[in-house]
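K.L.:
Can you look at this prediction? I've put the sequence above it.
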Amino acid sequence: MIKAVIVEDELNNREVLQQMLERYCEEVEVVGLAVNVPSGIEKIKELRPDIVFLDIEMPGGTGFDVLNAFDLPKFKIIFVTGYDHFAIKAIRYSALDYLLKPVDPEELKNAVEKAKSLNPIYHERIDFLKSQIEVSTEEVDRIIISDHKHHKVVEIRDIIFVEAKRTFVVFYVEGNKKYAASNSMGFYEELLPSSNFFRIHKSHIINRHKVEKVDVGRGGNVHLKGGVSLPVAIRRKPAFTKFLEQAD
């Protein structure tokens, strides 16, 4: 069995999440419930769970205060929040899992499935999150690109473009490097800074700083650093042209 602790200040939310785990994730046993930061830290130290479901907003502190009490967590963390605020982007940049309230059963099952194994890179993701959580999302300069088995910390400014494949996406990065990621194009379109990145086609997001020239006309191609040419969707061309003009 997978041992879990729920750290959540609202009684109803604790009970609902526990019931959902019992119904949809039979391999998970909830061994402890905590209502705030101090009790959360105490329960985790006492019960040594495999997974902690950690609310972000709590009276007198946050889930990150719980996290900061552990230098090298030996448990997986699944954040739970009712607010799609700045913390979510920090979590996304760190390639960690989170659930929005009300929790969706399928998203819960997926998060638990991914949390079953604690791999060596997990501590690096936690450290990355701790370093980013106080930073404005407009000032974040790095991102963890992850396929859940491997990860790479990449400078955002070095990303040339992102390409969608059938079941994953690929980041093309300065230095003739490329990295696979398991999240969707929509995920990264929302996550990457909109001031510098634009989705020119359903299959491509480009970094404006890597653009060398753009073909005139309704569609055409955008030519990027390194000799890469990518098609611009006709319906996206006017917005893309405006994006480049405003950037200048």
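P.N.:
On my side now, so go ahead.

K.L.:
so what's residue 197 up against?
P.N.:
By CB atoms under 8 Å, 6 or more residues apart in numbering, residue 197 lies in contact with 159, 189, 205-208. From N, CA and C alone the C-beta is placed, and that goes for glycine too.

K.L.:
please redo it, this time with the cut-off set to 7 Å
P.N.:
Applying CB atoms under 7 Å, 6 or more residues apart in numbering to residue 197 gives the contacts 205-207.

K.L.:
So what sits opposite it in the bridge?
P.N.:
Bridge pairing for residue 197 (DSSP bridges) gives the partners residue 207.

K.L.:
So for the most centrally placed residue in the chain, what's the nearest residue that isn't a sequence neighbour?
P.N.:
Nearest residue to the geometric centre of the chain (CA atoms, centre = their mean): residue 92, 1.9 Å. Spatial nearest neighbour of residue 92, excluding adjacent residues (CB to CB, 6 or more residues apart in numbering): residue 191 at 5.3 Å.

K.L.:
which stretches of this structure have low pLDDT?
P.N.:
84-86, 117-121, 134-139, 148, 247-248 (pLDDT under 70).

K.L.:
Could you chop it up by domain?
P.N.:
The chain breaks down into these domains under automatic domain parsing: 2-132, 142-247.

K.L.:
Mean neighbour count, the ones you listed: which tops it?
P.N.:
domain 2-132 (a mean of 17; mean count of other CB atoms under 10 Å).

K.L.:
which strands and helices sit next to the helix or strand containing residue 42?
P.N.:
Using DSSP states H and E, residue 42 falls within helix 37-47. On a contact count with 3 or more CB pairs under 7 Å, 6 or more residues apart in numbering; DSSP states H and E, helix 37-47 meets strand 2-7, strand 28-34, helix 63-67.

K.L.:
coming back round to it: now render the contacts of residue 197 as TSV, adding distance to residue 127.
P.N.:
TSV is the format used below for these (distance: CB to CB, whole Å):
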residue	distance to residue 127
205	27
206	30
207	26
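
K.L.:
so who does the residue lying closest to residue 232 once chain neighbours are set aside touch?
P.N.:
By the measure of CB to CB, 6+ apart, the closest residue to residue 232 outside its immediate chain neighbours is residue 200, 4.6 Å from it. Counting by CB under 7 Å, 6+ apart, residue 200 touches 206, 222, 230, 232-233, 236, 240.

K.L.:
go with 10 Å
P.N.:
161, 206, 211, 214, 219, 221-222, 230-233, 236-237, 239-240, 243 (CB atoms under 10 Å, 6 or more residues apart in numbering).
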